[in-house]
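> Pasted the sequence and its predicted model underneath.
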Amino acid sequence: MMQRSLVALASSAAFLFLSVGQALAAGNLVINSMHSDPSAKKAFDAVLEKFKAENKDINVTVNVIDHESYKIQIRTWLPNNPPDVATWFAGNRAKFFVDKKLVEPIDDVWKPVEADFGEGAKKAVTFGGKKYLMPATYYHWGFYYRKDLFEKAGVSKAPATWTEFTDAVKKLKASGVTPITIGTKQAWPSAAWFDFLDLRVNGYDFHMALLAGNGNYTDPKVKKAMGLWADLVKDGAFPKNAAAMTWQEAAALLWQGKAAMYLMGNFVSTEIPKELAGKVDFFPFPEVDPNVPVSQVAPTDVYFIPAKAKNKANAKKFLSFMARPESQQLYNEMNALLSPNTKAKSDPNNLFLQKGSAILGEAKGLSQFFDRDAEPEVAKVGMDGFVEFMAYPDRLDSVLAKMEATRKRVHKK
């Protein structure tokens, strides 16, 4: 009897030890999030509840920090007292921390899901041959245009090449409308033009190296790309008062039928008036050089594991969860955004999401946007320069010279 009791006691002790060990192993998960916007936070909470339901033994803490404060504070807590998971941007903004060895490589997390992501998304999270980030959401840029104004001007189809595009601009101008609307009261909308033209003329690798500080803004290749933009400005393709308008005021010209197209991110589609349903369509930025593989501008939000995280096993569980198509689909459906996981579905009735999903899935590279890919000081000088250039296209050389001088000073190259 005593022997049985001892055996039972030993078994109970072993079970208790195992249970405690498992609980300790499960432990905690701390997430720092910059998605403080109400809709983004609501979507993240919905996804997080599903993760918690699957991992009841993990104690999850989420610290939500407003977007602008987050961008400043991350440089302080990431090297000293980081969470287990953090939100951030793909591309060179992330590379800055990767180069400082502050980000944990996650090739093991990527291995089982790699086939579910497009080439462009994978490039945006890979540095030195290793993957460090898990993309969870992104959105496309391109031209939103009035089909009725195109038809009235005799433009029979959305332009696919630069020749077709410039021909459409001439016909639209002759029809009495402003071909392309833009508002540069805040400078950032102008940067999309620089991104796309440099990508189309010089390619993804050249563009990304330039923005990372390893190129030269006075390079004749850059001037060639900018020259196409200068021709449009000189031909009167843009509003004369662009510098006085916000991006929303510029969009109003499209809704009012005073302008025919707009190079903008997909968030503009949520602004389309109900009475224009069916009259506004989308096409990607046209091909300039058929020998240059097509890349797209797609600001991408990611999750990563800090190198000094305390609970890396749980962090990897979370990143694996966020990589799933159903997790990305739930989050992005609630925000009208796109999922980098190509198996995630988007609203079949949303024309813009369907077209955006197609072009991003086929892209050979994804740029994050000028002010995310370039060092902040260079980006500021560049965007101010683009606004100046649109008002005075003959100042192209001086604008590029200012950018190059800033690049040399910042990057010491």
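Received the coordinates, thanks.
> Helix or strand next in line after the host helix or strand of Lys50, which one?
In the assignment (DSSP states H and E), Lys50 maps to helix 38-54. Downstream of helix 38-54, the first helix or strand assigned by DSSP H and E is strand 59-64.
> after that following strand, next one along is what?
helix 67-80.
> re the thing from before, how far off helix 67-80 does the helix holding Lys50 point, in degrees?
Per axes from the mean of the first three to the mean of the last three C-alpha atoms, to 10 degrees, the angle that helix 38-54 makes with helix 67-80 is 40 degrees.
> residues in contact with helix 38-54?
For helix 38-54, contacts defined as C-beta atoms under 8 Å, 6 or more residues apart in numbering pick out 33, 35, 58, 60, 62, 64, 318, 321-322, 327, 330-332, 334-335. Every residue, glycine included, has its C-beta placed from N, CA and C.
> Give me the ChimeraX select line for the residues you listed, limited to the buried ones.
Command for ChimeraX that selects the buried part of the contacts of helix 38-54, burial taken from 16 or more other C-beta atoms under 10 Å:
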select :33,35,58,60,64,318,321,322,327,330,331,332,334,335
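> Mind picking the two most distant members of the contacts of helix 38-54?
The span of the contacts of helix 38-54, defined through C-beta to C-beta, is set by Ile58 and Asn335 at 25.1 Å.
> Let me see the contact set for the residue nearest the centre of the chain.
Closest to where the C-alpha atoms of the chain average out (C-alpha atoms, centre = their mean) is Pro299, at 1.0 Å. Each residue near Pro299 by C-beta under 8 Å, 6+ apart is listed here: Phe89, Tyr138, Tyr139, Gly265, Gln368, Phe369, Arg372.
> Quick check: which element contains the last one?
To tie it back to what came earlier, the one meant is Arg372. Counting by DSSP H and E, Arg372 is part of helix 370-373.
> if we can go back for a sec, closest one of the contacts of helix 38-54 to Lys100?
Of the contacts of helix 38-54, the one sitting nearest to Lys100 (C-beta to C-beta) turns out to be Ser33, at 21.5 Å.
> Show the model's pLDDT score for that closest one.
pLDDT, Ser33: 97.
> beta partners of it?
Here Ser33 sits in beta bridges with Val64, going by DSSP bridges.
> for Trp88, what are its contacts?
Contacts of Trp88 (C-beta under 8 Å, 6+ apart): Met34, Ile74, Ala94, Phe97, Leu133, Asp301, Val302, Tyr303, Phe304.
> ok, and the most crowded of these?
Leu133 (29 neighbours; other C-beta atoms under 10 Å).
> The stretch 51-200 of the chain: strands as residue ranges?
59-64, 85-89, 126-127, 130-131, 134-138, 141-146, 178-181 (DSSP state E, counting those that start in this stretch).
> what sits up against stretch 334-345?
Contacts of stretch 334-345 (C-beta under 8 Å, 6+ apart): 39-40, 42-43, 46, 113, 116-118, 121, 135-140, 266, 269-270, 300, 323-326, 328-329, 331-332, 346-347, 350, 353, 356-357, 360-361.
> which among those residues end up buried?
Counted by 16+ other C-beta under 10 Å, the contacts of stretch 334-345 give 40, 43, 113, 116-118, 121, 135-140, 266, 269, 300, 323-325, 328-329, 331-332, 346, 353, 356-357, 360-361 as buried.
> Show me these that map onto helices.
40, 43, 121, 323, 325, 328-329, 331-332, 353, 356-357, 360-361 (DSSP state H).
> now the strand or helix carrying Leu263 against strand 141-146, angle please.
Taking DSSP H and E as the definition, Leu263 sits inside strand 259-265. With the same axes, to 10 degrees as the basis, strand 259-265 and strand 141-146 are set at 160 degrees to each other.
> and strand 259-265, what does it pack onto?
Secondary-structure packing of strand 259-265 (3 or more C-beta pairs under 8 Å, 6 or more residues apart in numbering; DSSP states H and E): strand 141-146, helix 147-153, strand 178-181, helix 188-202, helix 247-255.
> and of the ones you listed, who's closest to Asp394?
helix 188-202 (16.7 Å).
> How far does that closest one sit from its chain's centre?
Per C-alpha atoms, centre = their mean, to the nearest Å, the displacement of helix 188-202 from the mean C-alpha position of its chain is 15 Å.
> so after it, what's the next helix or strand?
By DSSP H and E, the next helix or strand past helix 188-202 is helix 204-209.
> Just list what that following helix packs against, helices and strands only.
So helix 204-209, by 3+ C-beta pairs under 8 Å, 6+ apart, packs with helix 188-202, strand 366-367.
> Which of the ones you listed comes out lowest on mean pLDDT?
strand 366-367 (a mean of 92).
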